[in-house]
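**Q** Would you be able to build a 3D model of this:
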Amino acid sequence: MTTTRSLVAGFAALVALVPVAHAQSNPEKITLCHSHEEAYPWLINGKPGYSALMMQSIEKQLGVAIKLAPMPWKQCMAEVKSGTMDGAINASFAADRAEFAVYPVKLDGEADATKRMYRATYALYRIKGSAAGWDGQKLNGVDGTIGAPTGYSVIAQLTKMGAKVDDSANATTEILKRLAAGRYQLVALQTTEADDTLQAEADLRAKVERINPPLAEKPYFTIFSKVFYAKHGPTAKELWKLEGKTRDSAEFKGQVAHLVKSVD
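**A** The predicted model follows:
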């Protein structure tokens, strides 16, 4: 924890040195990448999910066109790092990301969760009847591989606990199928995504169960490349402010009521 706080504080100090005083006016367009895999209710193939609806609302309030670009998550992060992408949505905090991307931060250097897009939990899933478990502090009876989505921040948490993690798959359905087939002893997935998949897949639902308590709860942010932030820092700050305002508004809650029971 101390190391992470130090990294965040150091990162906040670096952000303060970015030459935003000479930042340009609002850009004509902001291009933000995200994972190309469906992640209900945040990203839904074929129709707007929670995240797209939020960006549509912010686009109108900000007066700047926002383009969303789906791609593999690792590619998304690489393009944010290089400045090819202006930023990304649906990004939880990770110390390694904070080295190349800008998060909204508080005065103490911690990521500012009041400016999040949403909050989501991760949970561990196992084959029904398995002795592998999680008590909220440590893993129990785990001597095999844990599956997790490619590049997700929860991997570092599992690795720190001594777990062997395979993140060679992106899609929640594929990861759950590998669990059911015995390739993994456990899998770590966003709870809403995994539960939605199990609800839709009777064969998987018959074999797989979620372990309580949750593995982690994380706020998810829009992040910006350092290139974009240097040019348009005020725009980034206004977008973060609007995310907090939009998330809590009665109008937006009504827009996403068919996707989520409550907005956090």
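
**Q** Now do the strands in the stretch 101-250 of the chain.
**A** 101-102, 118-127, 133-134, 139-140, 145-149, 164-169, 186-190, 208-225 (DSSP state E, counting those that start in this stretch).

**Q** May I see these arranged in CSV, with distance to Glu59 and mean neighbour count as well?
**A** (Glycine included, C-beta is placed from N, CA and C.) Output for these, formatted as CSV (distance: least, CB to CB, whole Å; neighbours: other CB atoms under 10 Å):
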stretch, distance to Glu59, mean neighbour count
strand 101-102, 20, 26
strand 118-127, 17, 21
strand 133-134, 40, 18
strand 139-140, 43, 16
strand 145-149, 27, 23
strand 164-169, 32, 17
strand 186-190, 25, 26
strand 208-225, 12, 20
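
**Q** Grab the longest helix from the protein for me.
**A** For the chain, the helix that runs over the most residues, judged by DSSP state H, is helix 226-248.

**Q** what's near enough to touch Lys81?
**A** When contacts are counted by CB atoms under 8 Å, 6 or more residues apart in numbering, Lys81 touches Phe100, Ala101, Ser225.

**Q** What is the nearest of the residues you listed to Thr173?
**A** Nearest to Thr173, judged by CB to CB, of those is Ala101 at 28.3 Å.

**Q** ok, the closest residue in space to the closest one that isn't next to it in sequence - contacts?
**A** Closest residue to Ala101 apart from its sequence neighbours, by CB to CB, 6 or more residues apart in numbering: Ile223 at 4.3 Å. The contact partners of Ile223, taken as CB under 8 Å, 6+ apart, are Val80, Gly87, Ala88, Ala91, Arg97, Ala101, Val102, Tyr103.

**Q** Tell me the one among the residues you listed nearest to His34.
**A** Among the contacts of Ile223, and counting by CB to CB, the member closest to His34 is Ala88, at 6.2 Å.

**Q** Look up which residues are beta-bridged to the closest one.
**A** Beta-bridge partners for Ala88, by DSSP bridges, are Cys33, Ile223.

**Q** check contacts around Gln190.
**A** Gln190 makes contact with Ala39, Ala120, Thr121, Tyr122, Thr172, according to CB under 8 Å, 6+ apart.
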